[in-house]
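1. This is the structure alone, sequence omitted:
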Ligand code: MEV
């Protein structure tokens, strides 16, 4: 009986979340927190899912019928694979993630990508990158109603990309000088991406032409951020992060917990800070000089559930053992 472990990285949206949903550009990067999926063929007549992190288990019949609660996203991956001609064989799946769930770091997309890769490798026909992007997007549609596709793109490709809905993602040659670091802080507040996305879209609709200017400003920030990333101009990059956070506040995607963490980072001398992902809780990111990082981390820790200096621009999906 075969067994395969595959992994995929989480993502940080550096610029452009929400605005990307309506076709504007965003910049996303991979982060050194990974989802790992262990798939083992069994002799039973089920697909068995186990998430030690969430302390959840479920058994799904091989015809994949019915609704499967917390595991629906992964059952959808199997349905998409079946449509592509892959057979559904009995197997056990253990899903683990170093990212907090529903916190904006793309844990569900990374897990979907790692699962699709591990399962198809188990069958001896691992998906290529383009197929992996397509199949994992089916899982994203279940996770929330109008996904832009940015989360599963980064989980698959790794690195850093400029992303526009419907276009091929463009890799970015990000230069982060040694003296600088990113820090991630989790508010610990869970929220549904779908709800925040719907809210922001409603605000945009209400604002009409005025809303379009906000989206255009966000897009121009992406353009400038791209240059700052490619030339290693961290001061400019940080300023743009604060401005991007302001636009997300304006559109109703932030909340008190996120604004508190962003303000703490600013007061403690961070070059930049913003919410990352959908908002209304979840995570925020900080860009700081290494010399100031310790003081910033210590102050954030007084208000956040988890705070971590992280590396960005790491490898995408890969098979870890065969
Ligand atoms: C969620 O990580 C990012 C959003 O822009 C939604 C999406 O792009 O699908 C809020």
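-> Perfect, I can see it now. Predicted model, so just to flag it, every value in this text is computed and none were measured. Numbers count the residues shown, from 1 in each chain.
2. List the residues that contact residue 204.
-> Listed by C-beta atoms under 8 Å, 6 or more residues apart in numbering, the contact set of residue 204 reads 22, 211, 214-215, 251. C-beta coordinates here come from the backbone N, C-alpha and C atoms, glycine included.
3. can you rerun that using 7 Å?
-> Applying C-beta atoms under 7 Å, 6 or more residues apart in numbering to residue 204 gives the contacts 22, 211, 251.
4. do the same with residue 175
-> 229-232.
5. what does residue 217 give?
-> residue 247 are the contacts of residue 217 under C-beta under 7 Å, 6+ apart.
6. cool, residue 100 as well?
-> Applying C-beta under 7 Å, 6+ apart, we find residue 100 in contact with 186, 306.
7. Let me know the secondary structure of it.
-> Under DSSP: H, G, I helix; E, B strand; the rest coil, residue 100 falls in the coil class.
8. where's it relative to the ligand, distance?
-> Separation of residue 100 from the ligand (C-beta to the nearest ligand atom, to the nearest Å): 13 Å.
9. go on, residue 24?
-> With the distance defined as C-beta to the nearest ligand atom, residue 24 ends up 10 Å from the ligand.
10. Spell out which residues sit in contact with whatever residue of the stretch 101-250 of the chain ends up closest to the ligand, please.
-> Residue of the stretch 101-250 of the chain nearest the ligand, by C-beta to the nearest ligand atom: residue 148 (3.3 Å). Shown in contact with residue 148 (C-beta under 7 Å, 6+ apart): 20-21, 165.
11. Just among the contacts of residue 175, which is most surrounded?
-> residue 229 (25 neighbours; other C-beta atoms under 10 Å).
12. Got the phi and psi for the residue lying closest to residue 255 once chain neighbours are set aside?
-> Spatially, and ignoring its direct neighbours in sequence, residue 255 is nearest to residue 280 (5.2 Å; C-beta to C-beta, 6 or more residues apart in numbering). Here is the backbone geometry of residue 280 (degrees, to the nearest 10): phi 60, psi 30.
13. Check the burial of residue 280 by counting its neighbours.
-> Per other C-beta under 10 Å, the neighbour tally for residue 280 reads 23.
14. Roughly how far does it sit from the ligand?
-> Distance check for residue 280 against the ligand: by C-beta to the nearest ligand atom, it reads 10 Å.
15. and what of residue 39?
-> Distance, residue 39 to the ligand, using C-beta to the nearest ligand atom: 26 Å.
16. Tell me the predicted confidence for the nearest residue to that residue once chain neighbours are set aside.
-> Residue nearest to residue 39 in three dimensions, not counting chain neighbours: residue 118, with 4.3 Å by C-beta to C-beta, 6+ apart. Looking at residue 118, its pLDDT is 98.
17. next one: residue 115
-> Predicted confidence (pLDDT) for residue 115: 98.
18. tell me which parts of the stretch 101-250 of the chain are close to the ligand?
-> Counting by C-beta under 6 Å from any ligand atom, the stretch 101-250 of the chain comes close to the ligand at 104, 147-148, 150-151, 193, 197.
19. okay if I get the residues you listed as TSV plus secondary structure, pLDDT and distance to residue 127?
-> Below are these laid out as TSV (DSSP: H, G, I helix; E, B strand; the rest coil; pLDDT from 0 to 100; distance: C-beta to C-beta, whole Å):
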residue	secondary structure	pLDDT	distance to residue 127
104	coil	83	26
147	coil	79	19
148	coil	82	21
150	helix	89	19
151	helix	91	17
193	helix	85	24
197	helix	93	27
